[in-house]
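Asks: Sequence first, predicted model second:
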Amino acid sequence: MNESRNYNNDHGAELQKILDEVENAGQVETEEKKPVIEPKTGTKRDVDILNLPPRKEVHGNHNKRTKLKISGASLRLIFVILILILGVSFYLWGGELIDVINRM
């Protein structure tokens, strides 16, 4: 029983120590700055991570085209539908289409 009491005291002391460290760190340094290395120039500059602009302001002015991704199955389906449309149109208007092409 004495061992469990020592364990609880040690555990409480560790938690109190961690809590004190966190509180002291918040009082000492209110503004955190991290050095950032710029890729083009290779120089370091400090970035104030507490006073950053809003995400909408930073990422809102990218005017890139929207990329349309089509999977292989969708591409095959579109191709089959186009072939069917061409086949049905040739079946319905085949003679007239040949006459129009020959006149040109």
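Replies: It's in.

Asks: Quickly note the distance from the residue nearest to residue 89 when sequence neighbours are not counted to residue 90.
Replies: The spatially closest residue to residue 89, leaving aside those adjacent along the chain, is residue 97, at 7.9 Å (CB to CB, 6 or more residues apart in numbering). C-beta: built from backbone N, CA, C; applies to glycine. Here the criterion is CB to CB, to the nearest Å. By it, residue 97 lies 7 Å from residue 90.

Asks: what pLDDT, on average, does the longest helix seen in the chain get?
Replies: If each helix of the chain is counted by residues according to DSSP state H, the longest one is helix 72-103. Rounded to a whole number, the mean pLDDT of helix 72-103 is 90.

Asks: For the remainder of this discussion, apply numbering that starts at 671.
Replies: OK, 671 is where the count begins now, so the last one is helix 742-773.

Asks: Quick one: distance of that helix to the chain centre.
Replies: Here helix 742-773 is found 41 Å from its chain centre; the criterion is CA atoms, centre = their mean, to the nearest Å.

Asks: got the CA coordinates for stretch 767-774 in PDB?
Replies: The C-alpha coordinates for stretch 767-774 follow below in PDB (Å, rounded to 0.1, in the frame of the first residue of the first chain):
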ATOM      1  CA  LEU A 767     -25.400  11.700 -95.300                       C
ATOM      2  CA  ILE A 768     -23.700   9.900 -98.200                       C
ATOM      3  CA  ASP A 769     -25.600  12.000-100.700                       C
ATOM      4  CA  VAL A 770     -24.600  15.200 -98.900                       C
ATOM      5  CA  ILE A 771     -21.000  14.100 -98.800                       C
ATOM      6  CA  ASN A 772     -20.900  13.200-102.500                       C
ATOM      7  CA  ARG A 773     -22.400  16.600-103.500                       C
ATOM      8  CA  MET A 774     -19.500  18.500-101.800                       C
END
